[in-house]
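1. Predicted coordinates and the sequence they were generated for:
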Amino acid sequence: LKNNFALLANSCAVLAAGNLPLFALSWIETRTKGARNTTRLAAPAVTLNTKVGGLVVGVKCKPVKFAKSYSVKYWKDGDEGNAQTQVGKSSQVVINLIGGELMNFVMTANTGTMEGFPSVAQRVNVPFD
């Protein structure tokens, strides 16, 4: 009985993923207070896709644990001062680019209050129509 209860408690803890109020719904008492995750999130591993369509680049990464949103920063090669940013899910499409231009893309995973570490910048030529 003790082993089965331990397995049940462990399963509830995994499903709650650090959310103490959600775990409290299981009526299993905890020994300590919940600790908030205040560390910066790791840099995501980014892949680019140029086969989405003309003048469009797809940016995708594996989901990062505790991430609420993802920011994609992109700029024309050698012109990082005019970088643009868009916020969305772990899979995004950047539209209205100029065909043939060499563009740099960087993605970060964000918590509700903090931006994570940036990924390695990746370069790709934007496909034509």
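-> Thanks, I have it.

2. Give the rounded mean pLDDT of stretch 99-109.
-> Averaged over stretch 99-109, pLDDT sits at 95.

3. Pull the distance from it to the chain's centre.
-> Taking the mean of its C-alpha atoms, stretch 99-109 sits 16 Å from the chain's own mean (CA atoms, centre = their mean, to the nearest Å).

4. and that stretch, C-alpha only, in PDB?
-> What follows is stretch 99-109, C-alpha atoms only, in PDB (Å, rounded to 0.1, in the frame of the first residue of the first chain):
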ATOM      1  CA  GLY A  99      13.400  37.800 -51.300                       C
ATOM      2  CA  GLY A 100      17.100  36.900 -51.700                       C
ATOM      3  CA  GLU A 101      18.200  38.900 -48.600                       C
ATOM      4  CA  LEU A 102      20.500  37.200 -46.100                       C
ATOM      5  CA  MET A 103      18.700  37.400 -42.700                       C
ATOM      6  CA  ASN A 104      19.700  36.400 -39.200                       C
ATOM      7  CA  PHE A 105      17.300  34.800 -36.700                       C
ATOM      8  CA  VAL A 106      17.600  34.500 -32.900                       C
ATOM      9  CA  MET A 107      15.000  32.900 -30.600                       C
ATOM     10  CA  THR A 108      14.500  33.200 -26.900                       C
ATOM     11  CA  ALA A 109      12.200  31.400 -24.500                       C
END
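
5. Please spell out which residues along it are buried.
-> 103-109 (16 or more other CB atoms under 10 Å). Quick note: C-beta positions are derived from backbone N, CA and C, even for glycine.
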